[in-house]
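Colleague: sequence and computational prediction follow.
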Amino acid sequence: MTAKEQLRERVERLTEDEAAEALRVLDQRTDALTRLLDDAPLDDEPTTPEEEAAIQEALEAAARGETITLEELRAELDAEPR
């Protein structure tokens, strides 16, 4: 039985008050992450001309289809000596 299936079974056995408390706990977890992200400072450091050039080069390469999959990257990194 999957974790989601187990959770569904347990949810069905909750009283209305227990379900309300569980929702409150889940909402707090989500709200905490949302608050963390909302309160994070903006990245306001200026970029250098070199960084701008590198970004433009990467965007152009991606537009030309010069990309690899995550699996290809992992295989390439695993093949390199450490």
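Modeller: Alright, I've got the coordinates. Numbers count the residues shown, from 1 in each chain.

Colleague: can you give me the offset of the lowest-mean-pLDDT helix or strand in the chain from its chain's centre?
Modeller: One helix or strand of the chain scores below all others by mean pLDDT, DSSP states H and E: helix 16-39, with a mean of 84. Distance, stretch centre to chain centre, for helix 16-39: 18 Å (Cα atoms, centre = their mean, to the nearest Å).

Colleague: next structured bit after that helix?
Modeller: Sequence-wise, the next helix or strand downstream of helix 16-39 (DSSP states H and E) is helix 49-63.

Colleague: right, and the helix or strand after that following helix?
Modeller: Assigned by DSSP H and E, the successor of helix 49-63 is helix 70-79.

Colleague: list of residues touching that following helix?
Modeller: I68 (Cβ atoms under 8 Å, 6 or more residues apart in numbering). All C-beta atoms are positioned from the backbone trio N, CA, C, and that covers glycine.

Colleague: average pLDDT across it?
Modeller: The average pLDDT within helix 70-79 is 90.
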